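J.: structure here, sequence nowhere to be found:
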């Protein structure tokens, strides 16, 4: 539901779903919101989702890639580079890491996610 509301641009509804969940400490929920924010260019909410993901799993490479893409697409290249530096510092590939979630519709192998 988070992804559906997010992709439709209904961010208030997406946040309501997350807040109503008995357990919102799964990075994949916040990744769905972050992905929608990237599509709609919602930097403010993207930062919230990104902060939640990193708080839950600092090694989630998909979060760094999505946030960097969101910032770069909104002419915030310096901030995007800072997020990329964070990815290099904190994100490590591991079995079951949240980067295995398809964040762009492409198939990704390994740690690198193609930044658009």
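T.: Arrived safely. The model shown is predicted, which means the values in this text are computed figures rather than measured ones. Residues are numbered from 1 along each chain as shown.
J.: what's the burial count for residue 19?
T.: By the criterion of other Cβ atoms under 10 Å, residue 19 has 8 neighbours. (C-beta placed from N, C-alpha, C; glycine too.)
J.: if I look at it, how far off is residue 31?
T.: Using Cβ to Cβ, to the nearest Å, residue 19 is found at 17 Å from residue 31.
J.: and if you look at residue 38?
T.: Separation of residue 38 from residue 31 (Cβ to Cβ): 10 Å.
J.: what do you get for residue 17?
T.: Counting by Cβ to Cβ, the gap from residue 17 to residue 31 is 14 Å.
J.: one more: residue 85?
T.: 20 Å.
J.: who has more neighbours, the two?
T.: Using other Cβ under 10 Å, the more surrounded residue of residue 85 and residue 31 is residue 31, with 26 against 12.
J.: find me the pLDDT at that one, would you?
T.: We have a pLDDT of 95 for residue 31.
J.: that one reaches residue 52, doesn't it?
T.: No: between residue 31 and residue 52 there is no contact under Cβ atoms under 8 Å: 9.7 Å.
J.: secondary structure class for residue 45?
T.: Secondary structure state of residue 45, per DSSP: H, G, I helix; E, B strand; the rest coil, is helix.
J.: common neighbours of residue 38 and residue 31, please.
T.: residue 66 (Cβ atoms under 8 Å, 6 or more residues apart in numbering).
J.: which non-adjacent residue is nearest residue 47?
T.: residue 67 (7.7 Å; Cβ to Cβ, 6 or more residues apart in numbering).
J.: gap between the closest residue to residue 90 other than its chain neighbours and residue 5?
T.: Nearest residue to residue 90, sequence neighbours excluded (Cβ to Cβ, 6+ apart): residue 58, at 4.6 Å. Between residue 58 and residue 5 the computed distance is 27 Å (Cβ to Cβ).
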